[in-house]
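Chemist: Provided below for reference: sequence and predicted model.
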Amino acid sequence: MRTPALGEVVDVVHGLYDPRRAEAWDAVGLHLGDPGQPVRRVLLAVDPEDVVVDEALAWGADLLLTHHPLFLRGVHGFAATTPKGRRAHRLVRAGCALLTAHTNADVADPGVSDALASALGLVDLRPLQPLPADPLDKVVVFVPHADAPALVDALAGAGAGALGDYDRCAWTTTGTGTFRPLDGARPAVGRVGEVEVVPETRVEMVLPRHRRAGVVAALRRAHPYEEPAFDVLELAAGDSRRGLGRVGRLPEPEPLAAFVRRAAAALPAAPAGVRAAGDPDRLVRRVAVCGGAGDSLLGAAAASGADAYVTADLRHHPVVEALGPERPALLDVGHWASEHPWLADAARRTVDALRAAGATVEARVSTVPTDPWSVHAPPAGPPAHETRSRR
């Protein structure tokens with residue numbers, strides 16, 4: 001196995017977490033590094049904080065892959081006179097690149113919320129707020145039998161024929177083509193003025209609509225005919241597996257109190273622990289989740305019919321307004337803890353994709369907590385509801 005260049009690793013990560021899916025305000029992609037530098041070790045972390053940079057440099061990482069950007073807003077420079085500037089300088093001096101997959105990983109399939117849902121034991125997942133499905137085309141082309149495999153390869157190389165975890169997907173049938181070259185033609189098969197009959201293969205392949213121009217150009221380059229016969233058909237939109245959050249179910253229902261304990265045991269420990277709002281005896285079967293700050297999806301969680309919604313960064317007033325007998329119980333598990341499970345999945349998928357291309361890297365997930373809430377004091381007296389009940 002060879003050692004990949006940084007540019008190849010970036011392409012693999014972008015293939016898993018398409019940067020075009022990121023929010024317009026986000027800053028994703030390669031922040032620091034030379035695309036030509038070799039990458040042997042990759043450290044994955046939620047935040048590019050000082051303790052994570054320490055860990056990356058101590059381990060000798062060539063790439064730090066984080067969920068949150070170092071510079072979320074535009075900057076005119078990164079002098080070492082600021083904390084973030086110093087981090088950038090340390091990484092550059094050590095030859096450690098910095099790559100970010102943020103909101104593009106949030107909506108990916110699978111992405112951040114899939115990992116959170118899996119950690120909680122949920123099955124039968126679907127997006128909580130789906131993205132519109134990518135518009136698809138189908139290209140249909142007729143080519144002499146002997147040239148069909150090379151044409152399929154060319155179309156696949158331009159982006160056609162990718163279905164889920166498969167590529168070079170094509171449907172072929174055989175038939176007979178006929179034509180007569182006219183004056184001025186330079187036929188690859190046949191002669192000017194004579195009717196020609198050729199055994200041909202009909203090739204059909206699906207492609208993302210945004211790749212139409214490249215696929216048609218590849219078709220024209222690879223096809224032996226001077227004027228290839230082909231159609232491009234626009235397909236009806238399908239369901240999208242991409243989107244924010246996920247909805248799934250527990251294999252067996254359990255009381256909210258037990259589900260809260262499940263969440264606390266399944267996710268990395270954070271000082272604030274897991275907070276929950278709702279009846280502790282309520283049965284939980286259907287669960288919505290959103291890694292990171294998820295109060296914008298409180299309405300979607302209620303509309304999904306979930307018994308509980310797991311997310312982070314919930315605020316007092318939105319929680320009070322979101323509770324009710326027909327609405328889900330709410331769990332706030334902490335921002336860092338809700339996103340950390342994604343790191344292992346991203347590491348595995350990146351390593352597997354590189355291995356399939358004949359390259360290898362060593363990937364490690366940082367376990368250093370970067371939750372900014374670092375101190376927690378338990379209440380000195382009984383919970384407030386118990387105090388009120390005694391008055």
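Modeler: All right, it came through fine.
Chemist: tell me the domain boundaries of the chain?
Modeler: The domain map for the chain lists 6-102+341-365, 112-131+242-338, 136-234, with the assignment taken from automatic domain parsing.
Chemist: and of those, who's closest to residue 374?
Modeler: Among the domains of the chain, domain 112-131+242-338 comes nearest to residue 374, with 5.8 Å by Cβ to Cβ. Yep, even glycine has a C-beta here, placed from its N, CA and C like the rest.
Chemist: hang on, the earlier thing: redo the domains of the chain as CSV? Include mean neighbour count.
Modeler: Formatted as CSV, those follow (neighbours: other Cβ atoms under 10 Å):
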stretch, mean neighbour count
domain 6-102+341-365, 18
domain 112-131+242-338, 19
domain 136-234, 15
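Chemist: what would those domains look like in CSV with mean pLDDT and distance to residue 380?
Modeler: Shown next, in CSV, are the domains of the chain (pLDDT from 0 to 100; distance: least, Cβ to Cβ, whole Å):
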stretch, mean pLDDT, distance to residue 380
domain 6-102+341-365, 94, 31
domain 112-131+242-338, 95, 17
domain 136-234, 94, 54
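Chemist: Tabulate those domains in a markdown table, adding columns for distance to residue 372.
Modeler: As requested, those are exported to a markdown table (distance: least, Cβ to Cβ, whole Å):
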| stretch | distance to residue 372 |
| --- | --- |
| domain 6-102+341-365 | 9 |
| domain 112-131+242-338 | 8 |
| domain 136-234 | 37 |
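Chemist: which residues in the stretch 151-300 of the chain form strands?
Modeler: Using DSSP state E, counting those that start in this stretch, the strands of the stretch 151-300 of the chain run over 171-179, 196-208, 230-234, 243-255, 275-277, 283-293.
Chemist: Can you tell me what sits against the first one?
Modeler: Applying Cβ atoms under 8 Å, 6 or more residues apart in numbering, the set of residues contacting strand 171-179 from outside is 142, 145, 148, 152, 190, 195-205, 229.
Chemist: Mind doing that once more with 6 Å?
Modeler: Contacts with strand 171-179, where a contact means Cβ atoms under 6 Å, 6 or more residues apart in numbering, come from 142, 196-198, 200-204.
Chemist: how far is stretch 345-357 from where the chain is centred?
Modeler: Put simply, stretch 345-357 sits 13 Å off its chain's centre (Cα atoms, centre = their mean, to the nearest Å).
Chemist: that older thread, what's the most distant pair in the contacts of strand 171-179?
Modeler: The most distant members of those, if one measures by Cβ to Cβ, are 196 and 204, lying 23.5 Å apart.
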